[in-house]
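1. Predicted model, plus sequence, below.
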Amino acid sequence: MMHLRRLSIPALALALAPAWAHAQSAPADTASAGPPHDWWQLDPATNHVNGIALERAYAELLPGKTARPVVIAIIDSGVDISHPDLAANVWTNPREIAGNGRDDDGNGYVDDVHGWDFIGGRDGRDVEHDTYESVRIYARLRGRYENANPATLDAAGKREYQQFADARRKLESDRARAAQELAAAKQIIPQLQQLEAVLRPALNGDSLTEESVRRLRSVRLDVQQAREAWLSAAAQGYTVESLTEYRRDQENKLQFGLNPAYNPRAIVGDDTTKIVERGYGNSEVTGPDAMHGTHVAGIIGAVRGNGVGVNGIAPNGVQMMILRAVPDGDERDKDISNAIRYAADNGARVINMSFGKSDSPQKGAVDDAVRYAESKGVLIVHAAGNEGAFLDNSPSYPTRTFLSGGTARNWIEVGSSAIASDSLAADFSNYSRTGVDVFAPGVAIWSTVPHNRYQNLQGTSMSAPVVTGVAALLLSYYPTLTAAQVKDIIIQSATRYPNQMVIRPGEGGGRVPFEQLSVSGGVVNAYNALKLAAERVGH
């Protein structure tokens with residue numbers, strides 16, 4: 001499942017009611033327009049913003065230096081490789097001839113020009129939706145254990161029965177919650193439409209945007225109240241469009257993700273008895289819904305200096321290898337393990353993995369792929385997840401800890417930070433003093449989305465590519481660095497916030513020292529990382 005922060009019933013319910021019914025929101029004249037699009041690239045020291053000091057690094061440390069191409073693999077939902085802010089930095093397989101229907105380089109993948117789609121079919125169809133892993137566990141065990149008496153089972157049967165019972169309980173709870181949230185969205189969308197119906201005539205032909213509504217002045221009380229309520233909702237990301245998308249998310253959960261009868265795997269046509277398998281899927285790397293992957297790609301490698309959109313972190317010339325393996329639902333361990341192997345075999349130095357799930361029945365296969373990537377010197381960057389959870393108790397798979405013991409050394413786990421100091425740890429971010437290595441900006445991140453557009457998204461899915469981009473930056477200018485050295489530099493150079501008390505992520509609340517939420521106790525800093533890399537390398 002992609003680590004994009006979702007809305008929730010409480011947020012939906014509170015988004016409008018106070019402002020609309022009682023006009024108790026902040027005065028409209030002072031309503032915040034939100035942070036600037038590039039806030040996360042600014043410098044804590046000179047700009048006094050909790051960013052990553054990227055623009056300062058480019059201005060002060062990199063003039064006169066030569067960047068070398070570095071291949072970055074993005075395992076995600078797919079990427080719109082035609083986006084004008086991305087196209088120049090998409091990886092092209094130098095040994096493959098496009099469209100000739102042959103495996104020119106002999107790597108087992110036909111026409112893999114820009115990467116591979118592990119959840120596509122040879123007939124060109126794609127898996128867009130899939131079930132959650134717990135639902136697959138439930139479906140696999142239901143026939144055996146639905147009417148079983150656990151008292152009559154042997155030890156192995158009892159363990160499987162407990163697995164089934166846990167999956168059934170989770171399915172029932174998740175379906176009930178999705179139904180509630182769907183009902184909440186359906187209730188609130190008309191309220192927003194009602195606000196818009198009041199505001200549009202008062203705008204005298206102006207389009208309905210935060211800027212135009214903020215400028216709006218009227219002596220009519222209903223317009224004033226609608227203005228305050230709409231701005232209050234928009235500041236939290238709630239619009240008719242976003243809530244309509246959220247409603248579709250809940251409908252899709254009920255129809256696909258939380259439906260044990262749904263199984264799209266026949267589209268892929270792979271040999272389900274083989275975990276390590278080459279060649280299944282297809283070469284089309286965009287997929288039916290590339291929103292998430294395109295946003296991730298822009299953070300890492302949107303073209304710099306072209307005057308539009310966003311400047312990616314990595315220098316121009318970075319080569320982004322696109323590996324589509326994450327549907328709307330939970331990714332499958334087989335696809336992730338084979339995508340990791342593909343990246344390692346085809347020259348990737350860093351793999352970005354902005355996804356996670358709560359169950360991993362074939363974790364051993366993923367562990368083997370991670371070990372394989374490590375043997376090839378590849379750094380893996382993984383998003384910590386958006387449950388506001390303590391990772392030691394609630395792992396988000398894949399994890400760096402191997403079933404057979406030990407941990408992956410070339411692995412960075414990333415939590416989300418925000419612009420405000422008192423909420424420096426984003427309220428949704430997972431955390432752990434030993435399990436999360438570093439935090440990175442993950443709130444209101446402006447980046448590329450399909451069809452030549454740009455959008456703010458938030459989640460640890462956005463934080464991981466910030467770290468991946470910094471890793472690419474280091475490897476571009478200091479290509480002799482090993483994956484372990486890059487990881488160490490990123491952790492050691494993070495911006496520390498000593499004695500900074502923050503609101504603990506999740507529902508428990510309370511205040512804790514920010515430095516206790518991760519290994520580094522800090523936020524990734526590109527300027528500091530480049531300075532430390534220069535010291536380590538000696539130039």
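-> Okay, I see it.
2. just checking, Gly298 touches Gly312?
-> Yes: using CB atoms under 8 Å, Gly298 is in contact with Gly312, at 6.2 Å. The way it works is simple: take the backbone N, C-alpha and C, and place the C-beta from them, glycine included.
3. Which of those two has more residues huddled nearby?
-> Ranked by neighbour count (other CB atoms under 10 Å), Gly298 and Gly312 place Gly298 first, with 32 against 28.
4. Three-state assignment for the more buried one, please.
-> helix (DSSP: H, G, I helix; E, B strand; the rest coil).
5. per-residue pLDDT, it?
-> Looking at Gly298, its pLDDT stands at 98.
6. Return the residues in contact with it.
-> His83, Asp85, Leu86, Gly309, Val310, Gly312, Ser447, Thr448, Val449, Tyr454 (CB atoms under 8 Å, 6 or more residues apart in numbering).
7. Same question for Ile351.
-> Taking CB under 8 Å, 6+ apart as the criterion, Ile351 is in contact with Ile72, Ala73, Ile74, Ile75, Ile340, Ala343, Ala344, Ala373, Val378, Leu379, Ile380, Val381.
8. Equivalent analysis for Lys487, please.
-> Neighbouring residues of Lys487 by CB under 8 Å, 6+ apart: Leu379, Arg409, Asn410, Trp411, Ile412, Asp437.
9. can you redo those as JSON lines with secondary structure and distance to Gln41?
-> Listed next are these as JSON lines, based on DSSP: H, G, I helix; E, B strand; the rest coil; distance: CB to CB, whole Å:
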{"residue": "Leu379", "secondary structure": "strand", "distance to Gln41": "21"}
{"residue": "Arg409", "secondary structure": "coil", "distance to Gln41": "29"}
{"residue": "Asn410", "secondary structure": "coil", "distance to Gln41": "26"}
{"residue": "Trp411", "secondary structure": "strand", "distance to Gln41": "25"}
{"residue": "Ile412", "secondary structure": "strand", "distance to Gln41": "19"}
{"residue": "Asp437", "secondary structure": "coil", "distance to Gln41": "21"}
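10. burial of the closest residue to Asp105 other than its chain neighbours, as a residue count?
-> Spatial nearest neighbour of Asp105, chain neighbours left out: Arg95 (3.6 Å); criterion: CB to CB, 6 or more residues apart in numbering. Neighbourhood size, Arg95 [other CB under 10 Å]: 10.
11. And the pLDDT for Arg95?
-> 95.
12. Surely it touches Tyr109?
-> No: applying CB under 8 Å, one finds Arg95 not in contact with Tyr109, separated by 11.1 Å.
13. Contact partners for the closest residue to Gln319 other than its chain neighbours?
-> Spatial nearest neighbour of Gln319, excluding adjacent residues (CB to CB, 6+ apart): Trp91 at 3.9 Å. Each residue near Trp91 by CB under 8 Å, 6+ apart is listed here: Val71, His114, Gly115, Gln319, Met320, Met321, Ile322.
14. now those residues as CSV including neighbour count, secondary structure and distance to Asp271?
-> Output for the contacts of Trp91, formatted as CSV (neighbours: other CB atoms under 10 Å; DSSP: H, G, I helix; E, B strand; the rest coil; distance: CB to CB, whole Å):
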residue, neighbour count, secondary structure, distance to Asp271
Val71, 19, strand, 29
His114, 22, coil, 25
Gly115, 30, strand, 22
Gln319, 22, strand, 31
Met320, 29, strand, 29
Met321, 26, strand, 24
Ile322, 27, strand, 24
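15. just the residues you listed now: which is nearest Ser394?
-> Ile322 (29.9 Å; CB to CB).
16. and the closest one, what are its bridge partners?
-> Assessed by DSSP bridges, Ile322 has beta-bridge partners Ile74, Gly115.
17. and Lys357, bridged to which residues?
-> In this entry, Lys357 is beta-bridged to Tyr397, by DSSP bridges.
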